[in-house]
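Engineer: this is a predicted model, with the sequence first.
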Amino acid sequence: MDDRVDVVIAGAGGGLAGALRAAEHGLSVLVVEADEHFRRGNNTSMSTAMFPAAGSRWQTGAGVQDSPERFLADIAAKTGGLAEPRLARTLAAVSAELVQWLADVVGLPLSLVTDFTYPGHAVPRCHSVPGRHGSAVIDHLARAAAGHSDVDMLVPARLVDVLTEGGRVRAAVVRYPDGAEEESPTRAILLATNGFGADPELVRRHLPEIADALYRGGDHSRGDALRIGEKLGAAAGYLDAYQGHSAVAAGAGTLVGWATVVQGAILVDSTGQRFGDELRGYSEFAAELAARPGGTGWIVLDEAVFQRCQVFQDFRDTVDSGVVVRSGDAAGLARATGLPERELTGELANTAKYARGERADPFGRTNWDHALVPEYAAVRVVPALFHTQGGLLVDEHAAVVDRHDRPIPGLYAVGGAAAGISGHGAAGYLAGNGLLPAFGLSYLAADDIARRRAARPQQAQ
C-alpha cells in the first residue's frame, strides 16, 4: 500500500486554493506553511483581493462585454508585448472558470467591481469580496481547508528541499522551527512560497531601482522556490519584474489605495507638484516616487473621493490611523502638509482645468473622474515593493520546466514562485496580476496532478 501523500503544497496563500481543488479531486494534501500568522502575514492576505476574470457571469449580468482575447490585448498593451505568452494565454482563458469555482465551490462571496476600473483594464473585470481585503479571502480558505478531511496543515514549518529519484519528485523535506527536519514522501510538490521580496540581496541584484523602498509583503517570501528550482535544473525568468506601489501611508504603513487616483485624486511630490500621469499605474509610479526629492509625496483628494473609497478596508484603516489631513482650501492644505503654498495651489487650480477639459494635461492624463473641490484631504505616501513577479518558468499546467522547456515530473510552481504575466520591470503590472497566477495556476496544477494520479493505475496494467 502506498502511504505517500498525493501532493505537498508549500505556502498557504494561493496554495490553499490548490489544496481545496486537489481535495475536490479526492487527492490527499499536506499544506506546509512557514508563517504561523499566515492569515495576516502573507501577500494574499495583504492584497486588495482583486481577481481579474474575462467573460464571467458577473460581467454578463452587468452588461460588460469581455473575453480572454480582450484580456490578452490589455496584458500585451500594459507589458509592451513582453508578457510570457503561454502563461498569459492560459490564465486569461481560465480566469472566468476560476472565479466561478471560487464562488460556487469554495464559497467566496465575490462580486464584480464596477465603481471604477483599474489602469490597464479596458473594462471592469476585477472581482472582489466585501471590504476588498485579502485577509477575508485567506480566512475563508483556511476555514475550508481546516474542515476538509483530505487536507492536513503543517504550521509553522518550511519546505527546504525537494528530493527526486530518476528525475521525478519523490519527497519534500520540511524543517521545523527547532531545526529538526523530516521527509514527506510524495509524487507531487506545489511551490506556493511567493517570490523573493523579503530577501534584500536578491532584491538588490534583480530590482535595484526599488531596493531602498519599503517592503510591504510577506516576511517568508525569501526566494525558496528559486533556490530549490535551481538545484533541480529548473528554468527561471522575468526576475526583474515586480509590483511596486506608490500609495502606502507614511507613518501608518496602511494602503491608501489607487482607487483614490482613479476617482480623481492626484499625486504630488515634496515640491507640491505632480510629476507624471498617475493613471499609467501605481506599480511603475513606485520607483518614480522613490526618485523624487525626499522619496515621498502626497495623495490629494476631496470629499467625493474620500467617501467613495470607504468601501476599501485598507482606506478605512488609513483614515482610522489619523494620518489624513484636511483643509477647507488649498492654502490651508499647504500649511497642514508643509508643502509649498504657491506650487500646491497652482497645481490644484491647473488640475481642475484639466478635469473640466479647459486645458490639456502636460503629462497626458485624460481620464479625470471629476475636478477636485474643497474640502480637500491629503495623505503622505511612500513607495513600496509589494512582491516580485519573476520566478520559475512553468507550462500551461503550472508544471516547472527545465532550460529545454521540459516539465520536471511532479514539480509545480504558482504565484510569486513562478514567473508571472507582468513582463519586465514594474510597468507591466495590472491589478490582479498577483492573485490570478497564484490562484489560477494552483487550480490548474491540482487538475494536472489529479489527471496524472488517475492515469497511473492504467499505466501499471
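Structural biologist: Yep, it's here.

Engineer: secondary structure element for the nearest residue to F51 once chain neighbours are set aside?
Structural biologist: Closest residue to F51 apart from its sequence neighbours, by Cβ to Cβ, 6 or more residues apart in numbering: H127 at 4.7 Å. Yep, even glycine has a C-beta here, placed from its N, CA and C like the rest. Using DSSP states H and E, H127 sits in strand 126-128.

Engineer: one more: S149?
Structural biologist: Going by DSSP H and E, S149 is not in any helix or strand.

Engineer: and it, how many residues sit next to it?
Structural biologist: Number of residues near S149 (other Cβ atoms under 10 Å) recorded here: 7.

Engineer: roughly how far does it sit from A23?
Structural biologist: Distance, S149 to A23, using Cβ to Cβ, to the nearest Å: 8 Å.

Engineer: any low-confidence regions in the stretch 351-461 of the chain?
Structural biologist: Residue ranges of the stretch 351-461 of the chain with pLDDT under 70: 457-461.

Engineer: now do the strands in it.
Structural biologist: Assigned by DSSP state E, counting those that start in this stretch, the stretch 351-461 of the chain shows strands spanning 376-388, 391-392, 399-401, 407-413.

Engineer: just the stretch 201-350 of the chain next, same as before
Structural biologist: Under DSSP E, counting those that start in this stretch, the stretch 201-350 of the chain gives strands at 214-215, 236-237, 242-249, 266-269, 297-302, 325-327.

Engineer: which one of those is the most hemmed in?
Structural biologist: strand 242-249 (a mean of 28; mean count of other Cβ atoms under 10 Å).

Engineer: what about the helices in the stretch 1-150 of the chain?
Structural biologist: For the stretch 1-150 of the chain, the helices defined by DSSP state H, counting those that start in this stretch occupy 15-24, 38-41, 43-46, 57-62, 68-79, 85-101, 134-146.

Engineer: distance check, V261 against H245.
Structural biologist: 12 Å.

Engineer: need the overlap of contacts for these two.
Structural biologist: Common neighbours of V261 and H245 are listed as Y282 (criterion: Cβ atoms under 8 Å, 6 or more residues apart in numbering).

Engineer: residue contacts, F439?
Structural biologist: Neighbouring residues of F439 by Cβ under 8 Å, 6+ apart: G14, A17, F51, L98, L102, V414, G415.

Engineer: go again with 7 Å.
Structural biologist: Neighbouring residues of F439 by Cβ atoms under 7 Å, 6 or more residues apart in numbering: G14, A17, F51, L98.

Engineer: same deal with V99?
Structural biologist: Per Cβ under 7 Å, 6+ apart, neighbours of V99: F51, A53, S56, L110, H127.

Engineer: 8 Å instead, please
Structural biologist: F51, A53, S56, W58, L110, H127.

Engineer: if you skip the residues just before and after it, what's nearest to it?
Structural biologist: Distances taken as Cβ to Cβ, 6+ apart place A53 nearest to V99, at 4.2 Å, with adjacent residues excluded.

Engineer: what of F285?
Structural biologist: Counting by Cβ to Cβ, 6+ apart, the residue nearest F285 is S246, at 3.9 Å.

Engineer: one more: R380?
Structural biologist: Excluding its sequence neighbours, the residue lying closest to R380 (Cβ to Cβ, 6+ apart) is A250, at 4.3 Å.

Engineer: what helices or strands is the strand holding H127 leaning on?
Structural biologist: Strand 126-128 sits against strand 51-52, strand 111-112, with contacts defined as 3 or more Cβ pairs under 8 Å, 6 or more residues apart in numbering; DSSP states H and E.

Engineer: deepest of these, which one?
Structural biologist: It is strand 51-52: most buried of these by mean count of other Cβ under 10 Å, with a mean of 28.

Engineer: what strands flank that one, and is each parallel or antiparallel?
Structural biologist: According to DSSP bridges, strand 51-52 has the following sheet partners: strand 126-128 (antiparallel).

Engineer: run through the stretch 51-200 of the chain and note the low-pLDDT ranges.
Structural biologist: Those would be none, if you go by pLDDT under 70 across the stretch 51-200 of the chain.

Engineer: for the nearest residue to A334 once chain neighbours are set aside, the count of nearby residues, please.
Structural biologist: Using Cβ to Cβ, 6+ apart and skipping residues adjacent in sequence, the residue nearest A334 is E341, 3.9 Å away. Using other Cβ under 10 Å, E341 has 15 other residues around it.

Engineer: is E341 in contact with G332, as I believe?
Structural biologist: No. Shown here, E341 and G332 do not form a contact pair, counting by Cβ atoms under 8 Å, at 9.4 Å.

Engineer: contact partners for L102?
Structural biologist: Contacts for L102 (Cβ under 8 Å, 6+ apart) come out as A17, F51, L108, L110, F439.

Engineer: repeat that for A62.
Structural biologist: L112, T114, P124.

Engineer: does the second one touch C126 like I think?
Structural biologist: In other words, T114. No. In this structure, T114 is not within contact of C126 by Cβ under 8 Å, at 9.5 Å.

Engineer: where's the closest residue to L16 other than its chain neighbours relative to A235, distance?
Structural biologist: Among residues not flanking L16 along the chain, L141 sits closest, at 3.9 Å (Cβ to Cβ, 6+ apart). L141 sits 30 Å away from A235 when distances are taken as Cβ to Cβ.

Engineer: G328 now?
Structural biologist: Distance, G328 to A235, using Cβ to Cβ: 58 Å.

Engineer: same question, A76
Structural biologist: For A76, the distance to A235 - Cβ to Cβ - is 22 Å.

Engineer: E165 now?
Structural biologist: Taking Cβ to Cβ, one finds E165 at 21 Å from A235.

Engineer: looking at these two, which has the bigger crowd around it?
Structural biologist: Between E165 and A235, counted using other Cβ under 10 Å, A235 has the larger neighbour count: 18 against 8.
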